[in-house]
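> please work out how this folds:
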Amino acid sequence: MRKMLLRRTAAGKALVVGALLALAEPGIAYANTVGVTVKTPGATMGPGSAFSEISTNAACSSGLISGGGINQAIGTGTSSNGNKINGTAPSPDGSTEYTGSTGVVGTDVTYWLGIGGSGGAVNASFSSTPYAMCFTSNLINHTQVVMNKIAGPTTSGTVGLVTATCPANTRLIGGGARITPASVGSLKPIASFPTFNDSAHGFGQKAAADGETNPDSWSAVGWNGGGGNSNNTTYAYAICSGNGINVSGATVKVRHSEVSGPTAATSGQTVTVGCGGGDGKLVSGGAAISGGNVTTTNFTGPGSVGDHLNGSYPSNSGGTPVGDGTTTAAYWTAFTHTGGGSSPNTYSDAWALCADDGV
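Model (predicted):
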């Protein structure tokens, strides 16, 4: 009887090992997958008055946001300098903002806000279009939002950089930035990018470089173009995988590109970067207008106090925004703009975050 029991036990172990091998081998019984669908409702017009803002949102009908973006129409002439991004950020319901206590502020969020602001000039062409990156994964099936904030910047020509860091043993998959109040027309976020909370990256001061993997933080940079306000605040948002998920097999790769310009008054620049073969799916992206070399030196502001962002969005290789329902977006574009003065030694940056589940 004892020998029979031993034989059955050994056979049972063999069956269990075989089942585990079948589950572990992709394509046989189980495969980790990442899917991303871009959702956008189209443009919301405005702002229609100076020193104000409009808020619009894109919603995921299925999946969770891994990030999102915004693209603005600005018109032509000197009044085009007045439209600017005030925020591109997650929301629990499409209107509520995470601006209170810092730390983990939300879980399994499905809305993304696009907030357009105005300076001292407006025209009838102003609009903002939000984009939500709706993420599905049978590994990273829960997400959380981490928010951090900093008072300022309050003086002209200064930056306020703040970094939100994902909890330990989670994976960064996207992020966003926001400034308040809208009544300070010269205040705007000029950078929103992936980074690392380590000394090599200045604890968020230097952006993640092209080809780096698994950043753990997101930085936002506020820029004050014209004056002080004691209530100025800059917010950074990190979209992270949920707690308790084994992400050791999931890789997030950074793609980054930097180009010169814009440098002339009332002019714009675009820069596009994409996920290559083997990088995984585009899950989010970031943008900046800067003093350049953002991955090797601490972030510095651009050459003019009027410089701002007008776009950070999923696109095709030519920089054209993708449409609602797109499932094959592989590129991210930044659209930057000067104000009414020239902007020497100014650069534009775009980041793409590309993710896979280790398939």
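> residue 59 reaches residue 40, doesn't it?
No. Counting by Cβ atoms under 8 Å, residue 59 stays clear of residue 40, with 9.8 Å between them. Where C-beta positions appear, they are placed from N, C-alpha and C, glycine not excepted.
> which residues are in contact with each of the two?
Each of residue 132 lies in contact with both residue 59 and residue 40 under the rule Cβ atoms under 8 Å, 6 or more residues apart in numbering.
> which one of those two is surrounded by more residues?
Shown here are residue 59 and residue 40; by other Cβ atoms under 10 Å, residue 40 has more neighbours (27 against 17).
> quick one, what contacts residue 334?
Residue 334 is in contact with 270-272, 286-289, 309, 311-312, 348-350, counting by Cβ under 8 Å, 6+ apart.
> go again using 10 Å as the cut-off
Going by Cβ atoms under 10 Å, 6 or more residues apart in numbering, residue 334 touches 69, 191-193, 257-259, 269-273, 285-289, 309-313, 315, 319, 348-351.
> what of residue 270?
Contacts of residue 270 by Cβ under 10 Å, 6+ apart are 259, 261-262, 287, 310-311, 315, 318-320, 333-336, 348, 350.
> among the residues you listed, which ones are buried?
259, 261-262, 287, 310-311, 315, 319, 333-336, 348, 350 (16 or more other Cβ atoms under 10 Å).
> helix or strand for the residue nearest to residue 262 when sequence neighbours are not counted, which one?
Nearest non-adjacent residue to residue 262, counting by Cβ to Cβ, 6 or more residues apart in numbering: residue 269, 4.2 Å away. Per DSSP states H and E: residue 269 is located in strand 268-274.
> and residue 201, which of the three is it?
At residue 201 the chain is in helix, as set by DSSP: H, G, I helix; E, B strand; the rest coil.
> and for it, the neighbour number?
Neighbourhood size, residue 201 [other Cβ under 10 Å]: 23.
> please apply the same query to residue 260.
Here the count is done by other Cβ under 10 Å, and residue 260 has 12 residues near it.
> can you check the one 3 residues further on too?
Close neighbours of residue 263, defined as other Cβ under 10 Å, add up to 18.
> measure it to residue 114 for me?
Shown here: residue 263 relative to residue 114, a distance of 27 Å by Cβ to Cβ, to the nearest Å.
> quick one, strands of the stretch 251-359 of the chain?
Using DSSP state E, counting those that start in this stretch, the strands assigned to the stretch 251-359 of the chain run over residues 251-260, 268-274, 281-290, 308-315, 331-337, 347-356.
> show me the one of those that comes nearest residue 92.
strand 281-290 (18.2 Å; Cβ to Cβ).
> so what are the sheet partners of the closest one and their directions?
Partners of strand 281-290 in the sheet, by DSSP bridges, are strand 187-195 (antiparallel), strand 347-356 (antiparallel).
> so for the first one, mean pLDDT?
Mean pLDDT, strand 187-195: 98.
> what's the nearest residue to residue 350 if we skip its chain neighbours?
Using Cβ to Cβ, 6+ apart and skipping the chain neighbours, the partner closest in space to residue 350 is residue 334 (4.0 Å).
> what is the mean pLDDT for stretch 255-271?
Averaging pLDDT along stretch 255-271 gives 98.
> domain boundaries for the chain, per the record?
Annotated domains of the chain cover 1-31, 38-356 [automatic domain parsing].
> and those domains, which one averages the lowest pLDDT?
When the domains of the chain are compared by mean pLDDT, domain 1-31 comes last with a mean of 36.
> distance of the residue nearest to residue 262 from residue 189?
Relative to residue 189, residue 269 is positioned 17 Å away (Cβ to Cβ).
> the two: which is more packed in?
Taking neighbours as other Cβ under 10 Å, residue 269 and residue 189 compare with residue 189 leading, 30 against 20.
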